[in-house]
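1. Dropping a prediction and its sequence here:
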Amino acid sequence: MSGYLPVVIYLGVIVAFAVVSLAAARVLGPARPFAAKLESYECGAEPIGQAWVQFPVGFYLVALLFIVFDVLAVFLFPWALSLRALGAWGILAMLMFVSILMLGWVYAYRERILEWK
Amino acid sequence: MTSSEAASRIELDYAGGERLTMNMGPQHPSAHGVFRAILTLEGETVVGVDAVIGYLHRCHEKLAETLTYAQYPSIASKTDYVAAMTSEFAYVLAAEDIGKIEVPKRAQYLRVVTSELQRVASHLLWLGTWCMDMGGALGGGATIFLYAIRERELILDLFEALVGARLLYGFYQVGGVRYDIPAGWAAQCRDTIGLIEQRIDEYEDLLEGNPFFLARARGVGVISRELAQDVGIAGPLLRGSGVPFDIRRAAPYSSYQDFQFTVPVEPDGDCFARYRVRMVEFRESIRIVRQVLDGLPEGPISSRPGLKSVAQTRIPKGESYARVEGPRGEVGCYLIADGSAKPYRMKWRGASFSNLAVLPHIIPGHKVADVVAIMGSVDPVFGEVDR
Amino acid sequence: MTREQAATLIGERFGMAQVDGTSPLVVTLPVDQWVSFARFAKDTLGCRFFAFSTAVDWKEQGLEVVVRVENLDTQIALLMKTRLGAGISSCPSLAPVYRGANWMERECYDMFGIRFDGHPDLRRILLADDWEGHPLLKSYAVDTPHPPYR
Amino acid sequence: MEIKAPIPVIPAPIWRDIKDLQEWERLRQHRPVGDKHSALFESITEGVHSFPGGFVVTTAADAFFNWARKSSVWPVTFGLACCAIEMMATFASRFDVERLGMVPWASPRHSDLMVVSGTVTIKMAPMLERIYDQMPDPKWALSMGSCANSGGPFRHGYHVVKGVDRVIPIDVYVPGCPPPPESLLNGLLLLQDQIAHFRRTGQRAAPNAKVD
């Protein structure tokens, strides 16, 4: 059980860092909100039009693709570290995993999502 | 019709995506000063530009009617404050043209040296800010900016030794120039331009081998030859669109005819062409400066020596339009004198005003990121746009 | 096409215009021939480069609009002038002929109050849209205070 | 293809229907005069002061906060005119401001200092004020160049605001037209001294009689 102590301490430090920095900002920072300050910043001019506009779907798809390959990266790191222990099976498993994602990438490429029209 | 109604009137006809009206406002890192473009976007493509200028309108032309011929040149240098020498040059040339005031040969040569050095300094600032605008694509944003400003400081040291000021000088006066070059200035000038010449080759290797830079500069912001002349853009923009027009060659003033230099012309009129034209202009200006330093004649530096005689310059009745090839194009001064100590009317033809007027014609259809690249390649200076 | 040929051509085609000066050919025109002369200069004389367009306030004699166009290949420069007559402040616009005139004429309207008829969108370009008065007129004092910034 | 975009009507800035300076002063009061510490911080310091010798803690805290604020003042890049070119030269390689801990930042939301470098015109004044308003609160303003100090060579122009302190409260004035980078650095160091001597009660080291 004691093996998990460093993990708990590490989680504590992460949470403490987040809480302390936010609390310090709220306590020490002189918050003086007033109308002009809370207006949305548009290079100094009055905001024109609303931002709540239907965006083209291209933006969303690019974000989606990023998520997929980000998850891929998350799995690659620990795999790379422990590759020596896994041996040949590890490589085979990762190859299958990556090829599935490559399938998704090929589909995205053929659907011309990446070219910005 | 308040702005909210204007916004609600956005048509939904195009590909389902609504149009977003966005403000590339006066305070914008790539605005090169106080320029506000109200962009109407569909996704990433710009479909409409409404340029709003006038945020730096400092009443130059009205002030010119209240200041005498000796007072105004130092204010004139604030129109194109990145190239202050060539701005004063136009006003002084117009006044001398009306008054038929003769400028001694040495003063003409000094004027050519300072204008060409000013062109190199101004192009250095252009290169720096343009590459910083294109940001991360060129290796971490401020790389070229820090190099270019480092070189520009060397030229500002030369001007500080000559005039005492770094950016805005009162060097030109009606009838000649105010200061003569101190001892050792010529040698220091030769070293500086020699150093800058090698550094320019470094910048070219750094940039032209960079695929990001080529992708962002080639084929972006194409100005056709016909549109260029129709809107009246001048200088590197005009020569970048294939029109071989340079005032120093077409109508040589202040003994430019004594020097050999080539006028760079690029046919295809996009950002890369303008970049090529300016890089060649670096070397041509350095060549001119060398020729001037070799052939600098002796003699007086002003036909009206002493500040008193300058202060009493009376320009007889008449009018004239004098133009100078500034780093951004044709800087002109249309002067109407009525014989008193102050001009009756002074119209300042700023090169950047016309160069900026071409933007609403070429920006629609580009991406938002290209707008930044086009703004940088047009290189407007807003003292000259808003006057 | 040298300057003399251009001068003679102008003389025949536009009888009313006086032509003088050498480096810029100064052509003084009546107002009604303004747009037709501009089109003539652009097409036949080949002056496609639009340098600038401005105005001058001659107090009693009224406003005068000045336009300079150039032919970059043959170095012919034309300085077109037209006197609008005392008290008149409207002039036909050159924007349909030269696209460069768009912003320049907006500035003339902003500074002199000359209404250019035929101009696509005549708004103030340098001053705020609700600025009272036209500053470059001789009747406008240079330091007219504008509340709230004295 | 000629795409005609709907040209949005730009709403006139608020000062259009202001009759005179008094009404404008009354309107400008909408901005609470920001002191440099928050109300919660004040109440904590009051509590600490109730203990004997509590001043030791608060002065130490003050010194620490002032040191932290002084050594990382981020200027918003607000270049208007010729002084902006000299400001760029100060930000660049030879007269580096990053030695003072100043990172030139593009958006007012992340910056503490506004260097007004250039002529403030009447069309630009509302924009300048809005950007100053949108900066988070412990903020300072430095007026660079004689145009920003008092209108400078364009003082008699009809379109020029006779000095930027008619628009926003200014802490340091740097003379010059344009001020060479050395004098701008001198102004920035003066500002850092001013920040360093900030007392708990929130007054500036030298109260600016004209604005406060």
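-> Yes, it's here. Numbers count the residues shown, from 1 in each chain, chains lettered A, B, ... in the order given.
2. Okay, now the unreliable bits of the chain?
-> Let's take chain A. Applying pLDDT under 70 to chain A flags the ranges A:1, A:49, A:51, A:117.
3. let's do chain B instead
-> B:1-17, B:31, B:136-141.
4. And the strands in it, which stretches?
-> Applying DSSP state E to chain B gives strands spanning B:19-24, B:36-42, B:45-52, B:172-173, B:176-177, B:318-326, B:329-337, B:343-349.
5. What parts of chain A come near chain B?
-> Residues of chain A lying near chain B by C-beta under 8 Å from any C-beta of the partner chain: A:42-51, A:53-56, A:58-59, A:116. Glycine gets a C-beta too; all of them are placed from N, C-alpha and C.
6. Mind checking which of the residues you listed are buried?
-> A:42, A:43, A:44, A:45, A:46, A:47, A:48, A:49, A:56, A:58 (16 or more other C-beta atoms under 10 Å in any protein chain shown).
7. For chain A, which of the strands of chain B is the nearest?
-> Across the strands of chain B, chain A has its closest neighbour in strand B:19-24 (3.8 Å, C-beta to the nearest C-beta).
8. How about chain B: which residue is closest to chain A?
-> residue B:25 (2.5 Å).
9. Now that residue, what are its backbone angles?
-> Note on residue B:25: backbone dihedrals following degrees, to the nearest 10 are phi -80, psi -170.
10. measure the residue nearest the centre of chain D to residue B:56 for me?
-> Nearest residue to the geometric centre of chain D (C-alpha atoms, centre = their mean): residue D:141, 1.8 Å. Separation of residue D:141 from residue B:56 (C-beta to C-beta, to the nearest Å) stands at 19 Å.
11. same check, this time on residue B:32
-> 11 Å.
12. any idea how far the nearest residue to residue B:274 once chain neighbours are set aside lies from residue B:20?
-> Nearest residue to residue B:274, sequence neighbours excluded (C-beta to C-beta, 6 or more residues apart in numbering or on different chains): residue B:240, at 3.8 Å. Applying C-beta to C-beta, the value for residue B:240 to residue B:20 is 31 Å.
13. From the contact counts, what lies against the lowest-mean-pLDDT helix or strand in chain C?
-> Within chain C, no helix or strand scores below strand C:18-20, which has a mean of 73 by mean pLDDT, DSSP states H and E. Where contact means 3 or more C-beta pairs under 8 Å, 6 or more residues apart in numbering or on different chains; DSSP states H and E, strand C:18-20 is packed against helix C:3-13, strand C:24-29.
14. Need phi/psi at residue A:45.
-> According to degrees, to the nearest 10, residue A:45 has phi -100, psi 170.
15. so where is chain C shaky, pLDDT-wise?
-> Chain C contains residues with pLDDT under 70 at C:1, C:21-22, C:147-150.
16. for chain D, same thing?
-> In chain D (pLDDT under 70), the answer is D:1-36, D:199-212.
17. how about the helices of it, start to end?
-> Secondary structure of chain D by DSSP state H: the helices cover D:21-28, D:39-50, D:54-70, D:82-91, D:125-133, D:145-150, D:181-196.
18. Including distance to residue B:157 and mean neighbour count, could these go into a markdown table?
-> Formatted as a markdown table, those follow (distance: least, C-beta to C-beta, whole Å; neighbours: other C-beta atoms under 10 Å in any protein chain shown):
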| stretch | distance to residue B:157 | mean neighbour count |
| --- | --- | --- |
| helix D:21-28 | 44 | 13 |
| helix D:39-50 | 48 | 13 |
| helix D:54-70 | 32 | 14 |
| helix D:82-91 | 12 | 26 |
| helix D:125-133 | 33 | 22 |
| helix D:145-150 | 21 | 25 |
| helix D:181-196 | 12 | 18 |
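19. Which one, of those, ends up nearest to residue A:17?
-> Smallest distance to residue A:17 across the helices of chain D (C-beta to C-beta): 17.5 Å, for helix D:54-70.
20. Let me see the contact set for residue C:72.
-> Residues in contact with residue C:72 (C-beta atoms under 8 Å, 6 or more residues apart in numbering or on different chains) are B:229, B:243, B:245, B:250, C:48, C:49.
21. Give the buried subset of the residues you listed as a ChimeraX selection command.
-> For the buried members of the contacts of residue C:72, the matching ChimeraX selection, counting by 16+ other C-beta under 10 Å, is:
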select /B:229,243,245,250 /C:48,49
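22. which pair in the contacts of residue C:72 spans the largest distance?
-> B:250 and C:48, at 14.7 Å, using C-beta to C-beta across those.
23. can I have stretch C:12-21 written out in CSV, keeping just the CAs?
-> Provided in CSV are the C-alpha atoms of stretch C:12-21 (Å, rounded to 0.1, in the frame of the first residue of the first chain):
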residue,chain,number,x,y,z
GLU,C,12,-8.4,70.7,-80.3
ARG,C,13,-10.6,68.4,-78.2
PHE,C,14,-11.3,70.7,-75.3
GLY,C,15,-11.4,74.3,-76.6
MET,C,16,-12.4,75.8,-73.3
ALA,C,17,-9.2,74.4,-71.5
GLN,C,18,-6.2,76.7,-71.1
VAL,C,19,-2.9,74.8,-71.2
ASP,C,20,0.3,76.2,-69.7
GLY,C,21,3.4,75.1,-68.0
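24. so what's the closest residue to residue D:176 other than its chain neighbours up against?
-> Setting aside the residues directly before and after it, residue D:176 is nearest to residue D:183 in space (C-beta to C-beta, 6+ apart), at 5.4 Å. Counting by C-beta under 8 Å, 6+ apart, residue D:183 makes contact with D:174, D:175, D:176.
25. Just the buried ones out of those residues, please.
-> D:174, D:176.
26. Which members of the contacts of residue D:183 are positioned in strands?
-> Using DSSP E, the contacts of residue D:183 in strands are residue D:174.
27. Start and end of stretch B:340-355, how far apart?
-> 34 Å (C-alpha to C-alpha, to the nearest Å).
28. Check which residues of that stretch are buried.
-> Residues of stretch B:340-355 classed as buried by neighbour count (16+ other C-beta under 10 Å): B:342-355.
29. how about the residues of the stretch 251-387 of chain B near chain D?
-> Residues of the stretch 251-387 of chain B lying close to chain D (C-beta under 8 Å from any C-beta) are B:364, B:365, B:382, B:383.
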